[in-house]
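Peer 1: Have a look at this fold, sequence not included:
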């Protein structure tokens, strides 16, 4: 099994998804969204091939569709970093150039934290 780490941004995105879902569609829809996202994490940690490239994006980030949301992440040394979570209807590929430097910086920080934790074990 691969290690999988969500960034603070990804966790914040999930909180926003929950809040927006409750506000617009009710708690049952929000619960379903969160359950789907949580259920997707296990298979992703088991099978990195679920993280896909996209034909409309040439960078190193990878994407995993979970019903109506997309996990955006990076894989370094067989460690999955979930960087952000977006609704699939958003034009997030066009937005990536503006936030990609921040996402890459978060990945670098998470890699350093993981390396420190590995040396302590």
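Peer 2: In hand now; what should we look at? Values in this document were obtained by computation on a predicted structure and should not be read as measured data. Residues are numbered from 1 along each chain as shown.

Peer 1: Buried residues, the longest helix along the chain. List them.
Peer 2: Longest helix of the chain, by residue count under DSSP state H: helix 92-120. Residues of helix 92-120 classed as buried: 92-93, 96, 100, 103, 106-107, 110-111, 114 (neighbour count, 16 or more other C-beta atoms under 10 Å). No exception for glycine: its C-beta is placed from N, CA and C like everyone else's.

Peer 1: want to try TSV for those residues, with pLDDT and distance to residue 49 as columns?
Peer 2: Output for the buried residues of helix 92-120, formatted as TSV (pLDDT from 0 to 100; distance: C-beta to C-beta, whole Å):
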residue	pLDDT	distance to residue 49
92	80	21
93	83	21
96	83	22
100	83	23
103	85	21
106	85	23
107	83	20
110	83	21
111	82	21
114	78	21
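
Peer 1: And the helices in this structure?
Peer 2: Using DSSP H, the helices of the chain run over residues 8-25, 27-46, 92-120.

Peer 1: among those, which is nearest residue 85?
Peer 2: When those are compared by C-beta to C-beta, helix 8-25 sits nearest residue 85, at 4.1 Å.

Peer 1: any idea how far that closest one is from the chain center?
Peer 2: Remark: helix 8-25 is offset 13 Å from the chain centroid, using C-alpha atoms, centre = their mean, to the nearest Å.

Peer 1: Quick one, which of the helices of the chain gets closest to residue 53.
Peer 2: helix 92-120 (11.7 Å).

Peer 1: Who are the contact partners of the nearest residue to residue 17 once chain neighbours are set aside?
Peer 2: Once flanking residues are discounted, residue 17 sits nearest to residue 33: 5.8 Å by C-beta to C-beta, 6 or more residues apart in numbering. The contact partners of residue 33, by C-beta atoms under 8 Å, 6 or more residues apart in numbering, come to 17-18, 21, 67-69.

Peer 1: Likewise for residue 108?
Peer 2: Taking C-beta under 8 Å, 6+ apart, one finds nothing in contact with residue 108.
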